[in-house]
Structures are given as structure tokens and as C-alpha cells.
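K.L.:
below is the sequence, then the predicted model.
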Amino acid sequence: MHYITYYSSPMGNMLLAADHIGLTGLWFDEQKYFARCLDQDYEEKELPVFKQTKAWLDIYFAGKEPDFQPPLHFIGTEFQKKVWEILCKIPYGQTMTYGEIAKQLAAERGILRMSAQAVGGAVGHNEISIIVPCHRVVGTGGNLTGYAGGIDKKIKLLALERVDMSRFFIPKKGTAL
């Protein structure tokens with residue numbers, strides 16, 4: 001059974017979802033893949049995990065790095081879960097490329113190469129926006145490609161974390177806009 005609640009952020013309304021294990025989803029209204037993992041049977045209810053998540057978001061949107069994390073419950077393939085675990089390790093105010101994540105996964109698996117495109121697919125299907133910081137993943141050379149919440153939100157989130165935006169650019173065309 002899933003439970004939901006809402007959060008009004010400075011960047012728009014957000015839907016939070018959780019089960020008995022932890023937070024399963026955090027989406028901006030109308031973002032790509034909105035509430036994809038949410039059970040059809042859910043109930044609106046305030047839970048302790050939602051109180052923790054809202055406190056985390058209040059700190060984050062105040063421009064500070066939260067020093068705790070609400071309990072998370074990843075719902076996805078083993079590959080996706082591994083990518084999301086790596087995302088959680090990207091430090092506040094820093095970025096990582098899809099290729100760097102692919103290299104890290106390949107090294108952990110003892111293989112020579114891993115597809116950065118496959119990593120991109122897993123990053124794009126992250127259900128827990130901001131707390132699992134997929135906005136910190138950029139393309140090679142500073143390409144601000146892809147963010148399910150929209151490139152404008154990705155830029156605002158990186159700026160909120162005081163990331164030096166001078167080395168980044170928005171691609172003029174492509175499939176990941």
C-alpha cells in the first residue's frame with residue numbers, strides 16, 4: 001500500500017509517495033514519468049517519513065545541505081537501484097557525468113565498459129527527485145542534458161547548490177531535452 005502527501009516547493013508543487021519501508025517517490029507536478037511507481041491503490045495520509053522528507057526539503061530549498069536523509073525505498077531493477085545508490089553519493093554542490101557513473105559501475109562489476117546511455121536511462125527513471133540527486137548528473141563537456149523535471153528546474157537546483165554554472169550549456173537539439 002502506498003501513501004501520498006503534497007509539498008509546495010519554491011519550484012512548484014510536489015507529490016510524495018511512501019510505503020511501509022520508506023519514501024518511494026518525489027515528483028514535481030507534470031514531470032516526465034510522474035508517479036510511475038505509485039500503486040493504483042493509495043491513501044493520502046501523513047506519515048513520519050513525510051514529515052522527515054518535508055523537513056529535508058525545507059532545509060534544501062533554504063539553500064543549505066541537509067545533514068540527514070529520510071528512509072528511501074527504491075522500486076526498480078537491480079541496475080537502476082545501483083545507479084540510484086551512486087547518485088546518492090554525489091556530494092552536494094558537485095556534479096558527475098553519465099560516463100563517470102558508467103566507468104564506476106564497470107569497475108565494480110569487473111568489466112571493461114558500461115553504456116553511459118544505459119546509465120542515462122536509469123538516471124532518467126529516478127523516482128525520488130532531489131533527494132536522489134539526478135539533477136547533479138551532466139553530459140560530457142558540461143552538457144545539461146535531460147532532467148525529468150525539466151532543464152529549467154535542473155539549472156535552478158544546481159544554482160541553489162551554488163554549482164559554478166559557467167562551464168555548462170543547454171544543448172540546442174537532441175533526444176534528451
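P.N.:
All right, it came through fine.

K.L.:
so what's the closest residue to residue 169 other than its chain neighbours up against?
P.N.:
Nearest residue to residue 169 in three dimensions, chain neighbours excluded: residue 142, at 5.8 Å (C-beta to C-beta, 6 or more residues apart in numbering). Bear in mind the C-beta positions are built from the backbone N, C-alpha and C, glycine included. Residue 142 is in contact with 167, 168, 169, counting by C-beta atoms under 8 Å, 6 or more residues apart in numbering.

K.L.:
can you redo those as TSV with pLDDT?
P.N.:
Converted to TSV, these look like this (pLDDT from 0 to 100):
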residue	pLDDT
167	90
168	91
169	90
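
K.L.:
go through those and give me the one with the most neighbours.
P.N.:
When neighbours are taken as other C-beta atoms under 10 Å, the top entry among those is residue 168 (17 neighbours).

K.L.:
what distance do you get for that one to residue 7?
P.N.:
As judged by C-beta to C-beta, to the nearest Å, residue 168 and residue 7 stand 27 Å apart.

K.L.:
same deal with residue 28?
P.N.:
From residue 28 over to residue 7 (counting by C-beta to C-beta), the distance is 10 Å.

K.L.:
the two: who's more crowded?
P.N.:
Between residue 28 and residue 7, counted using other C-beta under 10 Å, the more crowded position is residue 28 (21 against 17).

K.L.:
okay, and the beta partners of the more buried one?
P.N.:
For residue 28, the residues forming beta bridges with it (DSSP bridges) are residue 14.

K.L.:
quick one: residue 161 from residue 96, how far?
P.N.:
13 Å.

K.L.:
okay, and the common contacts of these two?
P.N.:
Between them, residue 161 and residue 96 share these contacting residues under C-beta under 8 Å, 6+ apart: residue 136.

K.L.:
for the biggest helix by length in the chain, packing partners?
P.N.:
Scanning the chain for the longest helix, with DSSP state H as the assignment, gives helix 48-61. If you count contacts as 3 or more C-beta pairs under 8 Å, 6 or more residues apart in numbering; DSSP states H and E, helix 48-61 packs onto strand 2-9, strand 12-18, strand 23-28.
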